[in-house]
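>>> could you look at this predicted model? Sequence included:
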Amino acid sequence: METTYHGTARAGDGMSQLRDLIYETCGIYFADSKRYFLESRFARRMEAVGAKSFKEYHSYLRHGSDRQAEIQKLIEEITTNETSFFRNMPQFQALQTLILPRMVAAKGAIGFKRLKIWSSACSTGEEPYTIAMILMEKATTLLAGWGFEIIATDINDQVLARAREGIYSEYAIRATPEYHKKKYFVAQPGGSLAISPDVKKYIKFQNVNLYDDSRMVFLKGLDIIFCCNVLIYFDQTSKKKVIQHFYNNLNRGGYLFIGHSESLFGINDEFKLHHFPGGVMYQKPL
Amino acid sequence: MTPSERAAAIEARLSRMKDLPTLPVIILKVLELMNRSDPSIQDLSNLISADQVLASKIIKVVNSPLYAVRTEIRNLQQAMAYLGFEAVKNLVLTCSLISHFAGKGAAFNMKTFWAHSFGCGIVSKLIAGKLGFESAESLYLAGLVHDLGEVVISTAYTVEFPAILKLLQTDGCSFYTAEEKVLGYTHCDVGGWLAVKWRFPESLTQAIRYHHTPSMAKSAKEVVAVVNLADLFCRLRSLGYEFFEELDVSFPDEPAWQILKASSPAIDSIDLERFTYELDEKMDDVHNLIATMY
């Protein structure tokens, strides 16, 4: 049974080399099922730089004089800034079923009944609000008597303003269970939905640039950090630095979540990799 | 229960059962062939040719995306030439096992069962390949059959099986834990009993009996360890048993990882994230393939 290690990406046409290059430079893995999507996006960039084949484009990205700039442009082509509520369900399921009970046991034992969570690239707010709803659902059971705080940051003031406003289209909440829609949103004229003030009060929005060391060192005592779909834009050196900050920002035993198909392989060996059903997370050792 | 108490309980329960699954004749013959010192491709070919339904199934599987063949394979000879003896032998075993058990396990989704087993075979082989095992292909079979005990439990324990399923849903635990609670022994013990009865090669019996407790294996420890990890990967990446399992695995801490590390230190340099994402591609192929076989 000769299955190739790189799945069904045809060897030799340059596609699998391009996929490897994206993985090495951005830390995101594109599955074979994304092949056609990738091909069409590559084609646009190839036309722009005058590359006639995937191989030629690969060579351009490896050795071209403005390879760094081209890699950035390629990343912009192949990523979407789209975000939505309950976007990565396995991650939130791990938060509810694995992490929260564990943290409640550990922190509860020393009588410190507070949780601090950071959504570090929160964009228009869908992620931190989702986290807040999940915690609020546990407020009378697992988290009874607990306080929690969610810090939500982004580098872009415009998206932060929209996050604070908290008004969303049907599209942004398409994955939200009906139960949550009814309980945590208020219908607006024109069909959009506004997040309820009860949810908003748990979240502190701030402008933070993850590159900014002076800001990063002040974010302390965190239990969980979410940093989804943003590290792909960083080069290796910056990525290492940001992850080291996250490591320092977390309490012992704290967790870091990154985006679906993202990887920290070769970026940091202090975090401990954990697999949960449908995803991976990184734990700062106890 | 102690191991001997478990064995006695299973013997008492199953040996008097009339409709226990029997080993398909073709599998018996393939296993015999494997025991010979120089099994030839012609012997295998003769075995398959005698069963045209099986032969056509094999051709269908070979042409599925999992095997990534470049040109369509139309007959057994081409399949043999392209895949080689080991792979075709494994396909014979896979296809005949799946057909043989098609009507069994009424309380159980057999499609899910075989998707998990087939996936586990493929992942076992991939892990063995990563570790540079000489006989990576032989690990496939161990992965494929590791949960056979589950089929027996789902058919023979009609009273207890629903209680086991209920526990999976309410407790978010594994079959292993639920069976231990309800029966006092597990699909590993039952599968091990069956494997001995069926005279499976020792390494397969060990994989069946100890894939949840690899440190306890009496021999073929590495085979058992690979199957243990493959089983975990499948349960973590959408090839489990359709019940949400509260699994949290740090692979390097697993006993199986430590067993493998002793002989293959390179295991620590595997890019686990990438390996995981690559498996997802295989998982889709496995689901599609099983769907076409049923």
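Yep, that arrived.

>>> just the mean pLDDT for stretch B:264-277, thanks.
Mean per-residue pLDDT for stretch B:264-277: 94.

>>> equivalent analysis for stretch A:114-121, please.
On average, stretch A:114-121 scores 97.

>>> just the CA atoms of that stretch, as PDB, please.
The C-alpha coordinates for stretch A:114-121 follow below in PDB (Å, rounded to 0.1, in the frame of the first residue of the first chain):
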ATOM      1  CA  ARG A 114     -11.000  34.100  39.300                       C
ATOM      2  CA  LEU A 115     -10.300  33.300  35.700                       C
ATOM      3  CA  LYS A 116      -8.600  35.600  33.300                       C
ATOM      4  CA  ILE A 117      -8.800  34.900  29.600                       C
ATOM      5  CA  TRP A 118      -7.200  36.800  26.700                       C
ATOM      6  CA  SER A 119      -8.500  36.900  23.200                       C
ATOM      7  CA  SER A 120      -5.400  38.400  21.600                       C
ATOM      8  CA  ALA A 121      -6.500  39.000  18.100                       C
END
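
>>> so which bits of that stretch are buried?
A:115-121 (16 or more other C-beta atoms under 10 Å in any protein chain shown). C-beta: built from backbone N, CA, C; applies to glycine.

>>> need those in TSV (columns: secondary structure and distance to residue A:221).
Listed next are those as TSV, based on DSSP: H, G, I helix; E, B strand; the rest coil; distance: C-beta to C-beta, whole Å:
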residue	secondary structure	distance to residue A:221
A:115	strand	10
A:116	strand	6
A:117	strand	11
A:118	strand	10
A:119	strand	16
A:120	coil	15
A:121	coil	20
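
>>> just these that are near chain B?
Among the buried residues of stretch A:114-121, proximity to chain B is found for none (C-beta under 8 Å from any C-beta of the partner chain).

>>> the helix or strand of chain A with the lowest mean pLDDT - contacts with which helices or strands?
For chain A, the helix or strand with the lowest mean confidence is helix A:67-78, at a mean of 85 (criterion: mean pLDDT, DSSP states H and E). For helix A:67-78, the packing partners by 3 or more C-beta pairs under 8 Å, 6 or more residues apart in numbering or on different chains; DSSP states H and E come out as helix A:15-26, helix A:35-49, helix A:54-63.

>>> dump those helices to JSON lines, plus distance to chain B.
Shown next, in JSON lines, are these (distance: least, C-beta to the nearest C-beta, whole Å):
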{"stretch": "helix A:15-26", "distance to chain B": "7"}
{"stretch": "helix A:35-49", "distance to chain B": "10"}
{"stretch": "helix A:54-63", "distance to chain B": "18"}
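
>>> comparing those helices, which comes out most buried?
The highest average neighbour count among those, using mean count of other C-beta atoms under 10 Å in any protein chain shown, belongs to helix A:15-26 at a mean of 19.

>>> what's the angle from that helix to helix A:67-78?
For helix A:15-26 against helix A:67-78, the angle by axes from the mean of the first three to the mean of the last three C-alpha atoms, to 10 degrees is 100 degrees.

>>> show me the contacts for residue B:48.
B:54-55, B:58, B:76, B:88, B:92 (C-beta atoms under 8 Å, 6 or more residues apart in numbering or on different chains).

>>> now, these that are in helices?
Counting by DSSP state H, the contacts of residue B:48 place B:54-55, B:58, B:76, B:88, B:92 in helices.

>>> quick check, nearest of those to residue A:270?
Using C-beta to C-beta, residue B:88 is the member of the ones in helices among the contacts of residue B:48 that lies nearest residue A:270, at 46.6 Å.

>>> check the gap between the closest one and residue B:70 for me.
18 Å (C-beta to C-beta, to the nearest Å).

>>> that older thread, from the contacts of residue B:48, which is closest to residue A:241?
Among those, residue B:88 lies closest to residue A:241 (C-beta to C-beta), at 51.9 Å.

>>> per-residue pLDDT, the closest one?
You'll see residue B:88 listed with a pLDDT of 86.

>>> count of residues packed around the residue lying closest to it once chain neighbours are set aside?
Counting by C-beta to C-beta, 6 or more residues apart in numbering or on different chains, residue B:88 lies nearest to residue B:80, which is 5.5 Å off, once chain neighbours are set aside. By the measure other C-beta atoms under 10 Å in any protein chain shown, the count of residues near residue B:80 is 19.

>>> contacts only, for residue B:80.
By C-beta under 8 Å, 6+ apart, the neighbours of residue B:80 are B:41, B:44-45, B:88.

>>> closest one to chain A out of these, please.
residue B:88 (8.6 Å; C-beta to the nearest C-beta).

>>> next SSE after the least confident helix or strand in chain B by mean pLDDT?
Lowest by mean pLDDT, DSSP H and E among the helices and strands of chain B is helix B:25-35, with a mean of 82. The C-terminal neighbour of helix B:25-35 among helices and strands, as given by DSSP states H and E, is helix B:41-49.

>>> that next one: which residues count as buried?
Applying 16+ other C-beta under 10 Å to helix B:41-49 flags B:44-45, B:47-48 as buried.

>>> which one of those is nearest to residue A:160?
Nearest member of the buried residues of helix B:41-49 to residue A:160, counting by C-beta to C-beta, is residue B:48, at 65.1 Å.

>>> the residue nearest to the closest one when sequence neighbours are not counted: neighbouring residues, count only.
Nearest in space to residue B:48, with sequence neighbours left out and distances taken as C-beta to C-beta, 6+ apart, is residue B:55 at 5.2 Å. Other residues lying near residue B:55 total 19 when counted by other C-beta under 10 Å.

>>> same check, this time on residue A:79
Using other C-beta under 10 Å, residue A:79 has 16 other residues around it.

>>> what sits against the residue lying closest to residue B:57 once chain neighbours are set aside?
Leaving aside its chain neighbours, residue B:57 sits nearest to residue B:95 (4.4 Å; criterion: C-beta to C-beta, 6+ apart). By C-beta under 8 Å, 6+ apart, residue B:95 lies in contact with B:54, B:57-58, B:61, B:293.

>>> for these, point out the one with the lowest pLDDT.
Least confident by pLDDT among the contacts of residue B:95: that is residue B:293, with 73.

>>> now the most centrally placed residue in chain A: how far from residue A:84?
In chain A, the centroid-proximal residue (C-alpha atoms, centre = their mean) is residue A:228; its distance is 0.7 Å. As defined by C-beta to C-beta, residue A:228 lies at a distance of 12 Å from residue A:84.

>>> tell me the spacing between whichever residue of the stretch 101-250 of chain A sits closest to chain B and residue A:253.
Proximity to chain B, evaluated over the stretch 101-250 of chain A using C-beta to the nearest C-beta, is greatest for residue A:102 at 8.6 Å. Residue A:102 is 8 Å from residue A:253, where distance means C-beta to C-beta.

>>> before we move on, what about residue B:203?
39 Å.

>>> the two - which one has more neighbours?
Between residue B:203 and residue A:253, counting by other C-beta under 10 Å, residue B:203 is the more crowded of the two (21 against 15).

>>> residues in contact with the more buried one?
By C-beta under 8 Å, 6+ apart, the neighbours of residue B:203 are B:138, B:142, B:219-220, B:223.

>>> surely residue A:215 and residue A:208 touch.
Yes. Using C-beta atoms under 8 Å, residue A:215 is in contact with residue A:208, at 5.1 Å.
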